[in-house]
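[1] quick one, what's the 3D model for this:
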Amino acid sequence: MMKRMSVVAISRVIVAMLGACSSKPPASQTSTSQTAAKAGPEQVPIPTTAAEVPGPAPGPMTKAYVQMVGRMAYFWGWPLVYVNNQRTVLTKAPELVLLNGAIPVGPMNQLALLTGYISPAETRIGDPNQDVVYGLGYLSLEKEPIVIQVPEFGNRFWTIPVYDARTDQISEIGLQYGTKPGFYMIVGPNWKGDTPSGIAGVVRSSTEFAVTMPRIFMDDTPEDHAAIQPELSQVLIYPLSQFDGKMKTKDWSKVPSVPAPKEKPPTSANPLGQPGDLLQRAADGHEAGAPDARRRGALQVD
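    Reported below is the predicted structural model:
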């Protein structure tokens, strides 16, 4: 039977969601050295003080209000659990592979990329676009930044979005943003290192892990399928320690296909457990994230 959550528990969730407005921003975000990596135009703004996060509505906490906030808390925590489940399962792959020849997956800090359209039979991850080449890569930023390679795509539409643990897009890297070819660095919330020569832009993630899902347009013709392959071969991610200023290449057509597990991993609709379980798991992911204004406060479930 599902354990009922008390009003106290819901109130604690409210604190975690909305932030302690009197808290001071973490020192790691209020002071940086002159040589520290600075975010560029590729960065989506992230709140750095609690004052930037909207507070709760004024007035008494009625039963209906608490119930509504409980629902909001579930929706707030769901992405943290979803992404953590997805990352845990899909990065178990010992090498870059295509599950059932459709889903590109691989170890942490490696990008797997298709060479053509996603298969209509793929139902494990939401892939709504049917005119792009998809890729997928999970980033762990605790130890060092990750470099994203952007080749010259010409007039071809492309985008390489980066999302934090909450599935909030934190980057603006793509044709629609006017991004130039080159190397872009994704750093964690506490990174204070230098920006190496040759890095065109820096994006700071609000959490210690992130995910990227490139999408590159391709015409449904044999000619464009062949023409796009040299460009795809230069779309890569790797740790900063492997950066040498030179475009690396990967022949994605040689990535092996393996059968997917018979049982679906917990990466889609369910199982996420009961609301109380989800909120506790969200709290775990919440604490594993960045010390930014949106995660300040103690998330506890009675």
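[2] residues in contact with stretch 256-263?
    Contacts to stretch 256-263, defined as CB atoms under 8 Å, 6 or more residues apart in numbering, come from residues Glu95, Val97, Leu98, Leu99, Asn100, Gly101, Ile103, Arg124. (Each C-beta comes from the backbone N, C-alpha and C, glycine too.)
[3] give me the buried positions along it.
    The neighbour-count check on stretch 256-263 (16 or more other CB atoms under 10 Å) flags Ala260 as buried.
[4] how near is Lys254 to Leu113?
    According to CB to CB, to the nearest Å, Lys254 stands 12 Å off from Leu113.
[5] between the two, which one's more packed in?
    Higher neighbour count among Lys254 and Leu113: Leu113, with 22 against 8, using other CB atoms under 10 Å.
[6] using CSV, write out every CA atom in stretch 139-153.
    What follows is stretch 139-153, C-alpha atoms only, in CSV (Å, rounded to 0.1, in the frame of the first residue of the first chain):
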residue,chain,number,x,y,z
LEU,A,139,28.4,13.4,-19.5
SER,A,140,30.0,13.0,-16.1
LEU,A,141,31.5,16.4,-15.1
GLU,A,142,32.7,15.6,-11.6
LYS,A,143,36.3,15.1,-12.6
GLU,A,144,36.9,17.2,-15.7
PRO,A,145,35.0,19.1,-18.5
ILE,A,146,33.8,17.4,-21.7
VAL,A,147,34.7,18.7,-25.1
ILE,A,148,32.1,18.7,-28.0
GLN,A,149,33.4,18.8,-31.5
VAL,A,150,31.4,20.8,-34.0
PRO,A,151,32.3,20.3,-37.7
GLU,A,152,31.5,22.6,-40.6
PHE,A,153,27.9,21.8,-41.6
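[7] do you know how far Lys92 is from Tyr163?
    Distance from Lys92 to Tyr163, by CB to CB: 20 Å.
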